[in-house]
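Visitor: return atomic coordinates for the entry below.
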Amino acid sequence: MISSTASLLVLGWHEAIALPQFGIESVFTKLDTGSDHSVLHARDVVRLDDERVEFALPLLLKQRSCLHFSEGGPRRMVARLYDERIVKSSNGKEEIRYVINATVQVAGHTFTIPFSLTDRNGMRFAALLGRSALAGRFLVNSETTHVATPHLACEDGNHSSIPL
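Guide: Numbers count the residues shown, from 1 in each chain. As a prediction, the model looks like this:
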C-alpha cells in the first residue's frame, strides 16, 4: 500500500519543541527516524505505588544552544506511568525504562506521545522524537534544521552541518 505524503509538514532534523505540561517553552529535539520511540532526559526516576513515576526534569525552560543542552535547576515531576520497556540504546546497552505520555507542541501541532525517561547527560539533545511520533504527522528533511521554528534557531548559529 502506498500512502500519500503530500499533506505532511516537512521539518528539519532538529527542531525546538514545547512540553507545556512541564512548563518547557522550547527544547531542541532531534527528529530521530532511526529510533521507533521518543526519549526525554530525566534523572532519579522512581516508580510510585499508584502507577505513577516521579522524576527530576533538569531542563531549562527555554533552551538556547544546539551544541549541547544546559541543565537548569531540577524540578521534581510526577506523571502517570504509561509503560515499562526494555530499551536498547544506540551504544547497545539494554536498560529498563519507564514511559510516560507527554503533550508536545511543534509547528502549530499539539499531540500526546509516549516518552521513555532516561539520563541523557552528555548527549547533544535532551529529547528525541522517534518514528512513532513522526509517522502520519511530519516528514524529516535531513539537510536542514529549524524549519518550523526559525525564530527559535540556536543562538550559537545554524548547525545543520554539525555531525550527529
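
Visitor: so residue 29 sits against residue 120, correct?
Guide: No - judged on Cβ atoms under 8 Å, residue 29 makes no contact with residue 120 at a distance of 11.1 Å. Quick note: C-beta positions are derived from backbone N, CA and C, even for glycine.

Visitor: how close does residue 89 get to residue 55?
Guide: 18 Å (Cβ to Cβ, to the nearest Å).

Visitor: so which of the two has more stuff around it?
Guide: residue 55 (24 against 14; other Cβ atoms under 10 Å).

Visitor: the worst-scoring helix or strand of the chain on mean pLDDT pairs with which strands, parallel or anti?
Guide: Least confident helix or strand, the chain: strand 71-88 with a mean of 85, by mean pLDDT, DSSP states H and E. Within its sheet, strand 71-88 is paired with strand 52-59 (antiparallel), strand 94-106 (antiparallel), according to DSSP bridges.

Visitor: in stretch 132-152, what counts as buried?
Guide: 133, 134, 137, 138, 140, 145, 146, 147, 148, 149, 152 (16 or more other Cβ atoms under 10 Å).

Visitor: need those residues in a markdown table (columns: distance to residue 14).
Guide: Conversion of these to a markdown table gives the following (distance: Cβ to Cβ, whole Å):
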| residue | distance to residue 14 |
| --- | --- |
| 133 | 14 |
| 134 | 13 |
| 137 | 16 |
| 138 | 13 |
| 140 | 10 |
| 145 | 5 |
| 146 | 7 |
| 147 | 10 |
| 148 | 11 |
| 149 | 10 |
| 152 | 11 |
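
Visitor: in this protein, which residue is closest to the centre?
Guide: Nearest to the geometric centre of the chain sits residue 127, at 2.8 Å (Cα atoms, centre = their mean).

Visitor: that one and residue 17 touch, don't they?
Guide: Yes - if you go by Cβ under 8 Å, residue 127 and residue 17 touch, sitting 6.9 Å apart.

Visitor: excluding covalently adjacent residues, which one is nearest to residue 88?
Guide: Excluding the flanking residues, the one nearest residue 88 by Cβ to Cβ, 6 or more residues apart in numbering is residue 94, at 5.0 Å.

Visitor: now the end-to-end length of stretch 29-41.
Guide: 11 Å (Cα to Cα, to the nearest Å).
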